[in-house]
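> make a model of this:
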Amino acid sequence: MAVLAAATGGALSTPAAAEGETPPGQVEFPTHCLPPQEAGLPPADGPTTARVTVDDAAPRVGDTVTVTYQVARTPALNPLSVALPGDVLTPTGRIVLGGAQQGEVTVVGAKRNDPVEAGGVLPAVTMTGTFTVTAPGEITLAPGGYTLHTGHLLELDTVCAVAGGAAPGPDPSPKPSVSASASASASVPVVPAPSDPSSPGPLPLPLPGGAPVAQRITASPLPTANLRAVALGTAAGGPGAKVKVTGAGFVPGAQVTVAGRAGTAETADRVTAKADELGVVLAELPVTDRATTAVVAYEGAVWTPERGSGPAAYTVITAAPLPAGSQTVTAVVQPGELGMTQEGDAVTLAAVPYGDGGAAAGRIGTVTVKDARGGPAGWSLIGKVTDFTGSGGLRIPGASLSWTPTCTAAPGSPSACVPGSAGTVGPDGAVLASTGDAALVGGTFTVDAGVTLQVPPYTPPGAYTAVLTLTLS
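Residues are numbered from 1 along each chain as shown. I've put the predicted structure just below:
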């Protein structure tokens with residue numbers, strides 16, 4: 001187990017579409033824009049033409065999705081009685097999430113614009129932001145209100161809300177939130193509230209009704225780690241010997257088949273048993289097939305990697321008749337165990353600046369796996385991480401932690417080590433490293449991984465700590 005710790009700113013026009021076609025993600029909605037009081041102008045009402053796009057329409061839970069909010073037309077006017085020069089307008093806004101995941105995404109644009117004459121309509125703007133997918137299913141994205149901040153002569157905000165609106169959405173402020181045998185923490189340095197006019201200004205509250213949905217994405221769940229395993233009361237016996245088999249990690253109440261195996265094929269040895277309320281299976285398997293070299297257990301009609309255990313090695317001992325005057329000399333190579341050690345139990349991630357957010361990087365404590373069991377069974381090392389928690393219950397989701405594993409086998413090891421895929425760790429777990437089944441496996445392996453926590457922008461300063469748990473089976 002390890003403890004993880006972490007410490008904690010566009011283009012201006014929408015892409016062209018074929019003539020007469022509406023670009024994907026483009027919608028129009030009524031808008032009520034309030035000019036700054038200093039301008040002495042009446043509210044501006046009219047349609048906003050907006051387009052919402054994403055960089056990933058089919059993410060997995062834990063992935064970070066980048067959202068682009070383009071306002072191609074707005075009723076908002078230049079709040080000054082003089083012309084606005086170029087590059088003095090900074091937009092900020094919100095995207096409203098619905099469906100499988102509720103919430104809002106804050107989007108911000110660059111200070112970039114063409115000059116605007118006095119009394120003219122403010123130009124098109126582009127804003128971007130990110131969010132972490134926390135639930136599987138269809139997620140809808142609709143444009144929300146936006147604020148157009150101008151920084152020429154005076155610092156002024158024109159606040160535009162969806163007219164006719166919907167009930168106010170959830171608080172968009174970040175609610176930050178990693179179990180291994182490792183813990184990690186992150187610290188975000190305390191930074192004074194920005195006074196720079198380019199920083200996000202006040203954002204409008206949604207009115208009842210809301211803008212139409214502009215984009216839909218479908219998120220898939222993370223794969224579930226298979227923790228099924230079996231252990232044998234003895235690793236060898238004569239033909240017909242009854243072997244006590246203990247299985248764990250099965251679905252409580254499931255019917256489980258316990259079977260002999262020769263390589264990847266099943267032998268004639270087979271019994272069934274029912275998993276108890278804890279997912280434990282107890283069975284006694286008569287081993288009569290002399291081809292049996294291992295025992296497996298599984299749910300369903302056939303063994304699969306998703307619903308079956310790895311093989312536990314077993315040897316059928318057959319004695320040949322001895323010629324007269326001969327003696328049998330037996331040497332036994334005793335099978336050992338599968339185990340692991342790790343360097344340290346704390347991981348400190350790099351700090352990220354308040355407001356910017358971004359990647360807090362680090363490395364897990366190096367793990368050494370030793371497999372001295374013999375036989376055909378490989379192993380898997382799986383990691384799961386809790387949410388990062390800070391003071392006052394603030395959280396950064398554990399699904400925001402990703403890793404890039406590496407694995408090296410020591411010289412002479414019979415097995416080759418395969419690192420897990422780079423990607424999200426999360427509370428559902430991911431494979432850090434593994435070895436495959438083979439006629440003879442074993443060895444010593446060094447496992448490592450670089451880790452990165454994606455800290456949302458404007459995560460409140462402070463230290464956030466999570467637990468990364470590594471399970472070897």
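
> just the helices in the stretch 201-350 of the chain please.
For the stretch 201-350 of the chain, applying DSSP state H, counting those that start in this stretch gives no helices.

> for residue 358, which non-adjacent residue is closest in space?
residue 352 (5.0 Å; Cβ to Cβ, 6 or more residues apart in numbering). Quick note: C-beta positions are derived from backbone N, CA and C, even for glycine.

> is the one you found in contact with residue 359, as I believe?
Yes - counting by Cβ atoms under 8 Å, residue 352 does reach residue 359; the two are 7.3 Å apart.

> and stretch 79-96, how far apart are its ends?
Chord length of stretch 79-96, first to last residue, is 27 Å (Cα to Cα, to the nearest Å).

> cool, and stretch 102-120?
So stretch 102-120: terminal residues 37 Å apart, Cα to Cα.

> from the chain's centre, how far out does that stretch sit?
31 Å (Cα atoms, centre = their mean, to the nearest Å).

> looking at that stretch now, give me its mean pLDDT.
In this model, stretch 102-120 has an average pLDDT of 91.

> on that earlier part again, any common contacting residues for residue 352 and residue 359?
residue 455 (Cβ atoms under 8 Å, 6 or more residues apart in numbering).

> these two: who's more crowded?
Counting neighbours by other Cβ atoms under 10 Å for residue 352 and for residue 359 shows that residue 352 has the greater number, 25 against 15.

> returning to that earlier point: isn't there a strand covering the residue nearest to residue 358?
No - counting by DSSP: H, G, I helix; E, B strand; the rest coil, residue 352 is not found in a strand; it is coil.

> which pLDDT value belongs to it?
At residue 352, pLDDT is 91.

> could you do residue 173 as well?
At residue 173, pLDDT is 37.

> partner residues bridging the closest residue to residue 422 other than its chain neighbours?
Closest residue in space to residue 422, ignoring its immediate chain neighbours: residue 404 at 4.2 Å, by Cβ to Cβ, 6+ apart. For residue 404, the beta-bridge partners under DSSP bridges are residue 450.

> for residue 73, list each beta-bridge partner.
The partner residues for residue 73, given DSSP bridges, come to residue 49.

> er, residue 103 actually
Note on residue 103: beta-bridge partners by DSSP bridges are residue 97.

> that one: how many residues sit nearby?
17.

> could you report the distance from it to residue 64?
Distance of residue 103 to residue 64, computed by Cβ to Cβ, to the nearest Å: 14 Å.

> who touches both of the two?
Joint contacts of residue 103 and residue 64 (Cβ under 8 Å, 6+ apart) are residue 131.

> A helix includes residue 392, no?
Yes - Residue 392 sits within a helix when classified using three-state DSSP.

> can you give me the strands in the stretch 201-350 of the chain?
215-219, 229-232, 236-237, 241-248, 255-262, 265-274, 281-287, 294-299, 312-313, 315-316, 338-342, 346-348 (DSSP state E, counting those that start in this stretch).

> so in that sheet, which strands flank the third one, and in what orientation?
To tie it back to what came earlier, the one meant is strand 236-237. Short version: by DSSP bridges, strand 236-237 pairs with strand 315-316 (parallel).

> next one: the fifth one
Its sheet considered, strand 255-262 pairs with strand 265-274 (antiparallel), strand 294-299 (antiparallel) by DSSP bridges.

> of those, which is nearest residue 287?
Residue 287 sits nearest to strand 265-274 of all the strands paired with strand 255-262, at 5.2 Å, using Cβ to Cβ.

> pull the distance from that closest one to the chain's centre.
With Cα atoms, centre = their mean, you get 37 Å for strand 265-274.

> let me see the contact set for the residue nearest to residue 422.
Neighbours of residue 404 in contact, by Cβ under 8 Å, 6+ apart: 422, 449, 450.

> gap between the residue nearest to residue 216 when sequence neighbours are not counted and residue 35?
Leaving out its chain neighbours, the residue that sits closest to residue 216 by Cβ to Cβ, 6+ apart is residue 140, at 5.4 Å. Residue 140 sits 31 Å away from residue 35, going by Cβ to Cβ.

> try residue 429
Taking Cβ to Cβ, one finds residue 429 at 52 Å from residue 35.

> for the residue nearest to residue 216, helix, strand, or coil?
strand.

> on that earlier part again, so which of the strands of the stretch 201-350 of the chain is the most surrounded?
Of all those, strand 294-299 has the most neighbours on average by mean count of other Cβ atoms under 10 Å, namely a mean of 25.

> circling back to that earlier point, compare residue 140 and residue 35 (neighbour count), which wins?
More crowded of residue 140 and residue 35, by other Cβ under 10 Å: residue 35, with 21 against 18.

> just the local confidence number for the more buried one, please.
The per-residue pLDDT reported for residue 35 equals 93.

> can I assume it is in contact with residue 160?
No - look at residue 35 against residue 160 with Cβ under 8 Å: they stay out of range, at 10.0 Å.

> which residues are common contacts for those two?
Here residue 35 and residue 160 have residue 76 as joint contacts, going by Cβ under 8 Å, 6+ apart.

> tell me what residue 433 is bridged to.
Bridge pairing for residue 433 - DSSP bridges - gives residue 381, residue 419.

> quick one: residue 30 from residue 395, how far?
36 Å.

> same thing with residue 308?
Distance check for residue 308 against residue 395: by Cβ to Cβ, it reads 36 Å.

> looking at these two, which is more packed in?
It is residue 308, of residue 308 and residue 395, that has more neighbours when counted by other Cβ under 10 Å, with 21 against 18.

> local confidence estimate at the more buried one?
The model reports residue 308 with a pLDDT of 90.

> isn't it right next to residue 294, touching?
No - Residue 308 lies out of contact with residue 294 (Cβ under 8 Å); the separation is 12.0 Å.

> using JSON lines, lay out the strands paired with strand 255-262 together with distance to residue 342 and mean pLDDT.
Shown next, in JSON lines, are those (distance: least, Cβ to Cβ, whole Å; pLDDT from 0 to 100):
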{"stretch": "strand 265-274", "distance to residue 342": "35", "mean pLDDT": "94"}
{"stretch": "strand 294-299", "distance to residue 342": "29", "mean pLDDT": "93"}
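
> which one, of those strands, ends up nearest to residue 46?
Residue 46 lies closest, by Cβ to Cβ, to one member of these: strand 294-299, at 61.0 Å.

> for that closest one, give me every contacting residue.
Contact with strand 294-299 is made by 228, 230, 232, 243, 245, 247, 250-251, 254-262, 266, 269, 281, 283, 285, 287, 303-304, 307-314, 375-377, as judged by Cβ under 8 Å, 6+ apart.

> packing partners of the one helix or strand residue 33 maps to?
According to DSSP states H and E, residue 33 maps onto strand 26-34. Packed against strand 26-34 by the contact rule (3 or more Cβ pairs under 8 Å, 6 or more residues apart in numbering; DSSP states H and E) you find strand 44-54, strand 137-152, strand 154-162.
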